[in-house]
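# Fold the following.
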Amino acid sequence: MTSRRILIIAGIVLILFLGMYTWNQRTRALDNIASNIGLEVTGAILSSMRAVQDTVTDFWNRYFDLVNMHEENKNLKTHVKELEATLLAVKEDQEELKRLRNLVQLPVDESWRPLGARVLAGRMGPNAILDSITINRGYITGGRPGTPLVTQQGLVGRVFRASAHTATALLITDPASRIAVFTQNSRALGILTGQGAGKTLELNFVQRDAKIDKGEVLITAGLDGKYPKGIPVGRVISVSPSNYTQFMSIEAKPIVDLQHLEEVLLLEPTGLAHPVSEESDSPPPAFVGPPAPQSPAP
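Predicted coordinates:
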């Protein structure tokens with residue numbers, strides 16, 4: 001391209017520029033077009049940036065909300081567990097209170113002093129060969145050897161061995177247990193013997209002519225002074241003549257659930273005599289069991 005053509009093209013471009021410049025000065029058309037285009041481009045860019053900013057901000061806020069929610073959820077779960085533990089403790093306290101209220105309602109006369117005790121363990125240590133429990137009272141706190149143990153249902157056993165604040169109690173199911181009992185209705189006398197943990201009780205030395213029914217309750221006779229009279233001990237489950245002796249063969253089961261003991265009542269003898277009714281010389285009603293049936297009128 002020659003210099004002449006270059007000059008011609010440059011002149012044409014200059015003339016067009018000057019013409020457009022002059023036209024724009026009069027009409028402001030190009031300024032308006034440029035302004036509108038620039039505004040649209042700027043708005044599009046700013047809108048995109050704002051959308052990105054809002055997205056990032058929303059994500060960040062949600063992240064922190066999730067973190068806070070996770071922490072709050074964790075705290076709520078911990079609080080719920082604490083409340084559940086408290087509720088269980090309260091329920092256990094209520095059940096214990098109910099059992100203790102039943103215990104203290106036993107009608108004990110002044111010749112025996114009731115003392116509450118907690119069962120610490122079942123068969124354990126050197127006493128594992130015995131059907132026994134360990135309680136939290138010893139010879140200093142009322143758990144001397146020979147002291148009877150009862151619940152609101154009936155007889156549990158007696159203290160066998162005691163330290164200062166802890167004692168081992170022999171249950172009525174232990175083979176070494178011997179208890180003089182009456183049958184509740186017929187008043188037949190016999191000796192109730194344990195046959196081991198989880199086994200039935202055996203009632204010995206009951207005469208063959210005794211009228212004993214299945215389901216009849218056995219109560220302590222109180223003849224030797226080791227137990228109060230009238231405490232339910234067992235319930236007869238079978239009665240038959242013995243094939244080897246002149247006595248009856250009688251099996252019974254304990255009244256008390258000896259496998260689930262939690263609290264018991266010790267009956268400490270006070271040394272006082274049984275109170276006597278002012279209206280008669282007969283002894284007061286039995287400790288727990290009903291009084292002997294009245295003789296038929298002549």
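# mind listing what's buried in stretch 160-171?
Residues 160, 161, 162, 166, 167, 168, 169, 170, 171 are the ones in stretch 160-171 that count as buried (16 or more other CB atoms under 10 Å). C-betas here are computed from N, CA, C, even on glycine.
# mean confidence for it?
Here stretch 160-171 scores 91 as its mean pLDDT.
# Show me the shaky parts of the chain.
1, 24, 28-32, 34-36, 38-39, 89-90, 92-110, 123-128, 271-298 (pLDDT under 70).
# How are the helices of it distributed by residue range?
In the chain, the helices defined using DSSP state H lie at 3-27, 29-104.
# Need the ones you listed in CSV (columns: distance to residue 129 and mean neighbour count).
What follows is the helices of the chain, written out as CSV (distance: least, CB to CB, whole Å; neighbours: other CB atoms under 10 Å):
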stretch, distance to residue 129, mean neighbour count
helix 3-27, 119, 10
helix 29-104, 29, 11
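# Output those in a markdown table, with distance to residue 229 appended to each entry.
Output for the helices of the chain, formatted as a markdown table (distance: least, CB to CB, whole Å):
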| stretch | distance to residue 229 |
| --- | --- |
| helix 3-27 | 129 |
| helix 29-104 | 19 |
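# Out of these, flag the one nearest residue 228.
Of all these, it is helix 29-104 that lies closest to residue 228, at 14.7 Å by CB to CB.
# Find the nearest non-adjacent residue to residue 203, please.
residue 250 (3.9 Å; CB to CB, 6 or more residues apart in numbering).
# Check the contact between the one you found and residue 241; I expect there is one.
No - using CB atoms under 8 Å, residue 250 is not in contact with residue 241; the gap is 10.2 Å.
# one step back: taking the buried residues of stretch 160-171 together, which two end up most distant?
That would be 166 and 171, which, of the buried residues of stretch 160-171, are the farthest apart (CB to CB) at 16.6 Å.
# Now do the contacts for residue 88.
For residue 88, the contact set (CB atoms under 8 Å, 6 or more residues apart in numbering) is empty.
# sorry, that was for residue 175
By CB under 8 Å, 6+ apart, residue 175 lies in contact with 131, 193, 194, 195, 196.
# rerun that using 6 Å as the cut-off
194, 196 (CB atoms under 6 Å, 6 or more residues apart in numbering).
# Could you give me the buried positions within stretch 255-268?
255, 256, 258, 261, 263, 264, 265, 266, 267, 268.
# which residues sit against it?
With CB under 6 Å, 6+ apart, stretch 255-268 has contacts from 99, 103, 112-115, 117-119, 142, 147-151, 153-154, 156, 171, 232, 234.
# what's the closest of the buried residues of stretch 255-268 to residue 70?
residue 263 (45.1 Å).
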